[in-house]
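Visitor: Got a predicted model here, sequence first, then my questions.
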Protein chains: 2
Amino acid sequence: MAFEDMLPIGASIASMAVAAGLAGWVGRQHSGTEKMMSISSAVRTGAMAFLRREFKIVIPVAVALAVIIGFASGFSNGAAFAVGAALSGLAGLIALRITVKAAVRAAQATSKGLGPAFAAAFRGGATVGLSVPAMALIAITVLFFVFPDPLTIAGVGIGASLIALFIRAGGGIFTKAADLGADLVGKVEAGIPEDDPRNPATIADNVGDNVGDAAGMGSDVYESYIVTILAAMLLGALIVPTSLQAIGGDRFALTTLPIIGIEVNPLVIYPMLIGASGLIASIIGAMTITSRKISDPMKPLDIAFMVSAAIAIALNFFFTTSFLGYNVLSYALFATTVVGVILVPVIQRITDYYTNYKYKPVKEISDSTKWGYASNTLAGIIMGMQSTGPFMLSIVVVLGISYGITFGITQDPLVGIYGTAMAAMAMLSLAGIVLCIDAFGPISDNAGGIVEMTGMGEENRAITDKIDAAGNTTKAITKGFAIASAGLAALAMIQAFQHEADKIFPAMTFEYSLSDVGLVIGLLIGGLIPFFVTSQLIAGVSRSASKMVDEVRRQFKEIPGILDGKATPDYAKCVDIATGASLRELWKPALVTVAAPIITGILLGPTAVAGVLMGAVVSGLFLAYHLANSGGAWDNAKKYIEMQGKKKTEAHAVAVVGDLIGDPYKDTAGPALNTVIKLLNTVAIVFVPVFIAILAL
Amino acid sequence: MAFEDMLPIGASIASMAVAAGLAGWVGRQHSGTEKMMSISSAVRTGAMAFLRREFKIVIPVAVALAVIIGFASGFSNGAAFAVGAALSGLAGLIALRITVKAAVRAAQATSKGLGPAFAAAFRGGATVGLSVPAMALIAITVLFFVFPDPLTIAGVGIGASLIALFIRAGGGIFTKAADLGADLVGKVEAGIPEDDPRNPATIADNVGDNVGDAAGMGSDVYESYIVTILAAMLLGALIVPTSLQAIGGDRFALTTLPIIGIEVNPLVIYPMLIGASGLIASIIGAMTITSRKISDPMKPLDIAFMVSAAIAIALNFFFTTSFLGYNVLSYALFATTVVGVILVPVIQRITDYYTNYKYKPVKEISDSTKWGYASNTLAGIIMGMQSTGPFMLSIVVVLGISYGITFGITQDPLVGIYGTAMAAMAMLSLAGIVLCIDAFGPISDNAGGIVEMTGMGEENRAITDKIDAAGNTTKAITKGFAIASAGLAALAMIQAFQHEADKIFPAMTFEYSLSDVGLVIGLLIGGLIPFFVTSQLIAGVSRSASKMVDEVRRQFKEIPGILDGKATPDYAKCVDIATGASLRELWKPALVTVAAPIITGILLGPTAVAGVLMGAVVSGLFLAYHLANSGGAWDNAKKYIEMQGKKKTEAHAVAVVGDLIGDPYKDTAGPALNTVIKLLNTVAIVFVPVFIAILAL
């Protein structure tokens, strides 16, 4: 290649340009009646109020952290932190604005049929899907060209993680508090249907869908992307280039980038090229979705993904061989990217099997309702736990293969580890198309809400229901992708952490050995963190929901005429309560996640920190996947019963309870664990110099 | 000392003699009316039928395993396996026979008042409590004197673990299947009270209490005891005696045992002495419980424990200084045993706080019932997860202190690890008194059943209820003890495993480093096992309970006159169903637990096996403690509501569902994880030579 340094930047810009084009297309669609616009604008106002209040708290914290990080590990890290945080916030902002805009247009497009409505929702989602990984890739690339040592820009990871935690976990509390509040009083006590404009919490509920599902998933995947590419670059930088020349030839020697002109280790650039490949593949895949007539939205989505995956594999081969030459080592690295790409559909299938009512697990859960509440609860928990088996075994197989191939050829464990990081990077490179397929879900969910609230016809609601059903499926499988990629990102970062600590202070070799009591203590502390965070967040949802319930009851009582539709409820107050609650419930888990690696590192040294990071992955990955799938399975068991026309039965009442239990599982605690696992790692790697300095005292 | 080799044997024999004396005392008590005896004999027949059928399957497996182990790692290991298994089975048998005998006598003693009834229940329990650890200690001591290398007798651990798994987890499935079956049809459908003799599953329910709670807990603690003392001895044997002489003097050199005459490393004998100290302390503590008048059974139990703990500390000091002299190293080892003893009441207090209705967590769960089923379920899950925090932090502190003291003085990490194993050993040394305090619980539960079934008076039932309430508290806190000791036992064994692998094959040094992908894969596989086992066992309970429900319904329909009390139900058939179900559901988890370390070791070597062991501890300890405490808290939240006289309310109905969810949590899956964590370790250590042989190929 003659422009490898410009390829990632070019692909990112192209991706953002396509995203902008799609956003423009969405904007040009008919925005519906005045009533629709007024609801849409209430949701937008609510969403912006949430973000504004989050940012008001997060920005001072972020500035303080930028200064601390700057002092602790250099100016470039502080700056990188700021870039990572700012872009993460921007990603959340874009996601919120476009989903609100697309929702009302998709609702309007229902009058033109399924195809156009689906296209409006999908293209709104694709704006998020294509811009988020592009921003991550361009940020890393530009930062690296300015500070050409990946360790000096690792702060970008903390920035991404911190904001992701606030948006993902904060959004998770927000959405479930609003949802439960709306349901418990509105549906259960007042007996008004879901999404009824008379319900004061209904706007908050719609805002929550956007905040939790659209912005939250976007910032989660943005963060995984940043962490994974950083880890791969850090590991690449640790490999001595000359050591590979005997096998791979001169392409593996230090090389001068053709346009930027700096001298780099090619293994540091390689992850960026794979990222570019995935972005290009995602653009093409997203383009296959048009306004044409369709009967089932899942089919075009499947095709879009398959197109992207196939193109990614082809481009990976082309970029790998052009950049690293035709040799056995280059083929081996290409093979690791193929394994990583294949992992995406494998995880999607496993997740689908455990959460889709087409298959045995959800059918069994739905069947268990006849035995009552306890059986249904236990059935959901059992299935969620069972699903961790095939999930983890496929991750283990990917680790084994990618390590085996690269280590086998070089006999260098570090190259083997780099191989596992490249498999993770290849998986993440498909984040674009995966996010596209996910992000239309909350849009169609909101579109359905608008259709309901404005009293459009049954046939319009049928269309949004159909898109929404597809959205629920893709939402569940995307959670699987997000968890697997968080796990692989963390595993890669743990390796980078260990090697960096060794490199900074070669006088002291750390063994990270299980014979070391510090490591064992670290593993136990790390294993505890996901359980602590889960219990805090679920408790937070309960507390917040009860506040919301009180407020909705108060409004029904104190504002006369709400239930007759004569008075407008105070929507903003409900949004405010959900926002405040989410911030209040977040600080403890956030503080523990940031403080745990720092305190452990200061008291017990880097070995114990590695234990904390690994322990959190070991317990956190299982817990996250269990929570996500139990929640998804309960939800769909309920839908399955509804589809059989048993909406007023005892079985349905039981299934509704299962869904209520699953709500904070799948939408609050589960997703937050992804971010926690990664945030621990990014904090740890940035503070490596501090731990070493203290040890050297 | 002049008889240190005879001390453990002497203490064990004394303990067993006291146990036999107590059993004799129990036997001499009035055994009640003919009707009481007939119920008691039905329960005994059922319990024996369970054991007979378990043994019919387990014995051939055990014989085959003994041969395999004999071939894989020597005759002595095969023989030790047989001893460990046989004694474990014997412990189960003793526990079952004495609890059945004591229950009917405690029921009869209710006519004499609370004091005598409590004494009958306690002394029955103390028979188990004092004989089980004594059998473990004498088995280890005698085996070691015959084969004076701890590695050659490590098979005793597998024997103990395997039988413990069958009794503990099999019993856990049995008891919950019977319980649920009895409740769902008898209480809910037919509307007859609990423990009503017209219910065909009621005998199975009573058998289940004995099998799951009495025999199960006994074999669990027996196993922890064996594993811990073995690990401490293995680690002690690895320390080069001369290396400590500069600090500790000649007492740390190889020494010839005064009576047996063999030459040993004193650090191998030391754990046995601490075991003897705990046994003596337990005997004295148990003696403080008499038939005198009491008002609250918890008070004498607390006193009994405190007496034992104080005496154990004093004896530990005396034995340590007599055996290892007055020097700083001897004091340091004594200090680790003090830390271990203190951990027992700390864990008990934490567990009590989270499961007793006197404190906030259970009150909050009980309060959450007003929000409905989902809130109550989530509240229980939250509290269980939260409880893992203080639990794990206290274990971490014990590890840190015991390592810090011993490593600080010697600067030898191996001595530090030995220090942590000694803290664990000191904790386990109190198993005698802890089991005494636990084992009267199922006896009083059964006594209550007999009082109910034979239609004795209200005042008799009030007495058994009072003892039963204390039993529920001690049952919950003993679970905390069992989980913590399983964790410490496993952690000690993991260290022993690593050092043994290194020792056997010094040509190849294993690093057990987190940079090793094999170790990482091992950690992930290990982390998976507890989730897999939990989902299998809870699913197993559901399946078995539905079989039981079918059978009870069938009997009500096909045997006329049952509900009028004119015909006797077919109790034996229900016992048979529960037994068959428990065996059928057990083989998968058992197979995975035994096979996982062996297959990992053969394919990926000892480093990955260490990862499996550690991963299982990291996820398993949290899961086990969460399951136990969530279950206990739901149970007591229900009791709290009942105590407030709200038995027919909506809140109570909600709380009953929480309790039903918690049943397999606390009585099946949670306890089984203890055994799984340890069984993995004992299998791994015995197969070390095989892994090494394959690596050396």
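Guide: Received, thanks. Numbering: from 1, shown residues only, chains lettered A, B, ... in the order given.
Visitor: My read is that A:Ser277 contacts A:Ala310, right?
Guide: No: using CB atoms under 8 Å, A:Ser277 is not in contact with A:Ala310; the gap is 11.9 Å. In short, each C-beta sits where N, CA and C put it, glycine included.
Visitor: The two: which has the busier surroundings?
Guide: Looking at A:Ser277 and A:Ala310 with other CB atoms under 10 Å in any protein chain shown, you find the greater number of neighbours at A:Ser277, namely 28 against 14.
Visitor: Where does that one sit: helix, strand or coil?
Guide: What DSSP: H, G, I helix; E, B strand; the rest coil gives for A:Ser277 is helix.
Visitor: touching chain B at all, the helix or strand hosting A:Ile409?
Guide: Assessed by DSSP states H and E, A:Ile409 sits inside helix A:373-410. Yes: residues of helix A:373-410 contacting chain B under CB under 8 Å from any CB of the partner chain: A:373-375, A:377-379, A:381-383, A:385-386, A:388-389, A:392-393, A:395-396, A:399-400, A:403, A:407.
Visitor: In contact with the one residue in the stretch 551-697 of chain A that gets nearest to chain B: list those residues for me.
Guide: Here the stretch 551-697 of chain A gets closest to chain B at one residue, A:Leu660, 3.6 Å apart by CB to the nearest CB. By CB atoms under 8 Å, 6 or more residues apart in numbering or on different chains, the contact list for A:Leu660 reads A:Leu180, A:Asp183, B:Gly372, B:Tyr373, B:Ala374.
Visitor: which of these tops the neighbour count?
Guide: Busiest of the contacts of A:Leu660 [other CB under 10 Å] is B:Tyr373, holding 27 neighbours.
Visitor: The nearest residue to it once chain neighbours are set aside: how many residues sit nearby?
Guide: Excluding the flanking residues, the one nearest B:Tyr373 by CB to CB, 6 or more residues apart in numbering or on different chains is A:Val657, at 4.5 Å. By other CB under 10 Å, the residues close to A:Val657 number 24.
Visitor: A:Val657 touches A:Asn376, doesn't it?
Guide: Yes: applying CB under 8 Å, one finds A:Val657 in contact with A:Asn376, separated by 7.1 Å.
Visitor: Tell me which residue is most central in chain A.
Guide: Chain A has A:Asp220 as the residue nearest its centroid, 2.9 Å off, counting by CA atoms, centre = their mean.
Visitor: still on that earlier bit, which of the residues of helix A:373-410 next to chain B count as buried?
Guide: Among the residues of helix A:373-410 next to chain B, those classed as buried by 16 or more other CB atoms under 10 Å in any protein chain shown are A:373-375, A:377-379, A:381-383, A:385-386, A:388-389, A:392, A:395-396, A:399-400, A:403, A:407.
Visitor: near chain B, which residues of the stretch 51-200 of chain A show up?
Guide: A:Leu184.
Visitor: Mind jotting down where the helices sit in the stretch 51-200 of chain A?
Guide: With helices called from DSSP state H, counting those that start in this stretch, the stretch 51-200 of chain A shows them at A:75-109, A:114-146, A:155-181.
Visitor: Please name whichever of those is nearest to A:Gln245.
Guide: helix A:114-146 (23.1 Å; CB to CB).
Visitor: ok, longest helix in chain A?
Guide: Longest helix in chain A, counting residues (DSSP state H): helix A:458-504.
Visitor: Counting by contacts, list what the following helix or strand past that one packs against.
Guide: Where DSSP H and E defines the elements, the next helix or strand beyond helix A:458-504 is helix A:517-558. Secondary-structure packing of helix A:517-558 (3 or more CB pairs under 8 Å, 6 or more residues apart in numbering or on different chains; DSSP states H and E): helix A:155-181, helix A:571-604, helix A:606-643, helix A:650-664, helix A:670-686, helix B:373-410, helix B:413-429, helix B:606-643.
Visitor: Could you export those to JSON lines, including columns for distance to B:Ala581 and mean pLDDT?
Guide: Output for the helices and strands packed on helix A:517-558, formatted as JSON lines (distance: least, CB to CB, whole Å; pLDDT from 0 to 100):
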{"stretch": "helix A:155-181", "distance to B:Ala581": "38", "mean pLDDT": "87"}
{"stretch": "helix A:571-604", "distance to B:Ala581": "41", "mean pLDDT": "91"}
{"stretch": "helix A:606-643", "distance to B:Ala581": "24", "mean pLDDT": "95"}
{"stretch": "helix A:650-664", "distance to B:Ala581": "24", "mean pLDDT": "93"}
{"stretch": "helix A:670-686", "distance to B:Ala581": "32", "mean pLDDT": "92"}
{"stretch": "helix B:373-410", "distance to B:Ala581": "25", "mean pLDDT": "96"}
{"stretch": "helix B:413-429", "distance to B:Ala581": "32", "mean pLDDT": "96"}
{"stretch": "helix B:606-643", "distance to B:Ala581": "20", "mean pLDDT": "95"}
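Visitor: any chance of those in TSV, plus distance to B:Ala17?
Guide: Formatted as TSV, these follow (distance: least, CB to CB, whole Å):
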stretch	distance to B:Ala17
helix A:155-181	60
helix A:571-604	47
helix A:606-643	45
helix A:650-664	53
helix A:670-686	54
helix B:373-410	33
helix B:413-429	19
helix B:606-643	33
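Visitor: between those, which gets nearest to B:Asp213?
Guide: helix B:606-643 (12.8 Å).
Visitor: quick one, the closest one and helix A:373-410 angle?
Guide: 170 degrees (axes from the mean of the first three to the mean of the last three CA atoms, to 10 degrees).
Visitor: quick one: terminal-to-terminal distance for stretch A:560-577?
Guide: 21 Å (CA to CA, to the nearest Å).
Visitor: Can you list the neighbours in contact with that stretch?
Guide: A:42, A:45-46, A:49-50, A:177-178, A:181, A:190, A:192, A:197-204, A:207, A:544, A:547-548, A:551-552, A:555-556, A:559.
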